[in-house]
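> give me coordinates for this.
(chains A and B)
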Amino acid sequence: DAGVTQSPTHLIKTRGQQVTLRCSPKSGHDTVSWYQQALGQGPQFIFQYYEEEERQRGNFPDRFSGHQFPNYSSELNVNALLLGDSALYLCASSLNGRMDEQFFGPGTRLTVL
Amino acid sequence: RKEVEQDPGPFNVPEGATVAFNCTYSNSASQSFFWYRQDCRKEPKLLMSVYSSGNEDGRFTAQLNRASQYISLLIRDSKLSDSATYLCVVLYSSASKIIFGSGTRLSIRP
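This is a model prediction of the structure:
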C-alpha cells in the first residue's frame, strides 16, 4: 500500500526564483492538501485540491498556486520566492475532500537564500 | 491571540510517568479535534480523534471540554518511544478550515 510521496526531498533556491513541489497521494485517496511548516511551528494550511479544483485556501498570497492532475497527484508552485518561504512543505492526502483523516507525506524542505 | 494555543514545553518526564497537556482554542464554532504526533524531522501522524465523550486508546486518553474550550491528552506509563512533538488540531467543518497548534514537545528520559 503506497503511502504519500513527495519530491524533491530538499531544495535550495534564491530569492525571486520559482519552485514546483510534487505530491502523490496515498493509494485510493483523491484529495491533496498542502501545508507550510516553519521551524518550531505547526503546519499551516495552504490549500486543498479535490476533483482537480482548489476547494479551500488558507491565508497565503497568490504567489502560492497549485494544480491537481487526473491521477490525483498534485503540484505546489511558489513564485517570487522570499527568504520567509523557507520551510518544510507537507502534502497530506485524504478522501472525498475531507480533512478529518489526513495522511502526510515526508515533506520537501525548501531553503531560500 | 492565536486561534489554537499549546504549551510548547518541553515536558521532560521519566519513563513510566503520567503526563498531560492541554490545548486551548478560541473559536467556539470549532467542530472536530485531533491530536497528531510528529517525530523529529518527520511528518505528522494522526494519533487520535477527540470526541465529546472523551476517548481512550491504550495508554492515551483524549478529552474535550467545550465549555472551557480546550482539549487534553493524557499519556499513562510513558515510554521512551513517546518522545515527540504533539500537535493539537482544530477543524472547522462549516468553513473547511483547519488549524494546527505549534505543538508541545515531550521528552521521556530513562
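> could you list the low-pLDDT ranges of chain A?
A:1 (pLDDT under 70).
> residue boundaries of the strands in it?
Assignment of strands within chain A using DSSP state E yields the ranges A:5-7, A:10-13, A:19-24, A:31-37, A:44-50, A:53-57, A:64-68, A:74-78, A:87-94, A:103-104, A:108-112.
> save the ones you listed as CSV, and put in mean neighbour count and distance to residue B:31 too.
In short, each C-beta sits where N, CA and C put it, glycine included. Below are those laid out as CSV (neighbours: other C-beta atoms under 10 Å in any protein chain shown; distance: least, C-beta to C-beta, whole Å):
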stretch, mean neighbour count, distance to residue B:31
strand A:5-7, 16, 28
strand A:10-13, 13, 35
strand A:19-24, 20, 26
strand A:31-37, 25, 17
strand A:44-50, 22, 15
strand A:53-57, 14, 14
strand A:64-68, 18, 25
strand A:74-78, 21, 25
strand A:87-94, 24, 16
strand A:103-104, 20, 20
strand A:108-112, 18, 30
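> pipe these into JSON lines and attach distance to residue B:74 per row.
Output for the strands of chain A, formatted as JSON lines (distance: least, C-beta to C-beta, whole Å):
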{"stretch": "strand A:5-7", "distance to residue B:74": "33"}
{"stretch": "strand A:10-13", "distance to residue B:74": "37"}
{"stretch": "strand A:19-24", "distance to residue B:74": "34"}
{"stretch": "strand A:31-37", "distance to residue B:74": "26"}
{"stretch": "strand A:44-50", "distance to residue B:74": "27"}
{"stretch": "strand A:53-57", "distance to residue B:74": "32"}
{"stretch": "strand A:64-68", "distance to residue B:74": "37"}
{"stretch": "strand A:74-78", "distance to residue B:74": "36"}
{"stretch": "strand A:87-94", "distance to residue B:74": "26"}
{"stretch": "strand A:103-104", "distance to residue B:74": "24"}
{"stretch": "strand A:108-112", "distance to residue B:74": "33"}
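> in JSON lines, list those along with distance to chain B.
Shown next, in JSON lines, are those (distance: least, C-beta to the nearest C-beta, whole Å):
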{"stretch": "strand A:5-7", "distance to chain B": "9"}
{"stretch": "strand A:10-13", "distance to chain B": "12"}
{"stretch": "strand A:19-24", "distance to chain B": "12"}
{"stretch": "strand A:31-37", "distance to chain B": "8"}
{"stretch": "strand A:44-50", "distance to chain B": "5"}
{"stretch": "strand A:53-57", "distance to chain B": "4"}
{"stretch": "strand A:64-68", "distance to chain B": "16"}
{"stretch": "strand A:74-78", "distance to chain B": "15"}
{"stretch": "strand A:87-94", "distance to chain B": "6"}
{"stretch": "strand A:103-104", "distance to chain B": "4"}
{"stretch": "strand A:108-112", "distance to chain B": "9"}
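> of those, which is nearest residue B:91?
strand A:44-50 (10.2 Å; C-beta to C-beta).
> which strand residues bridge the nearest residue to residue B:29 once chain neighbours are set aside?
Counting by C-beta to C-beta, 6 or more residues apart in numbering or on different chains, residue B:29 lies nearest to residue B:92, which is 6.0 Å off, once chain neighbours are set aside. The residues listed as beta-bridge partners of residue B:92 by DSSP bridges are residue B:97.
> which residues touch residue B:92?
The contact partners of residue B:92, by C-beta atoms under 8 Å, 6 or more residues apart in numbering or on different chains, come to B:27, B:29-31, B:98-99.
> from residue A:17, how far out is the residue of chain A found nearest chain B?
Chain B sits closest to residue A:42 of chain A, with a gap of 3.4 Å, by C-beta to the nearest C-beta. Distance, residue A:42 to residue A:17, using C-beta to C-beta, to the nearest Å: 27 Å.
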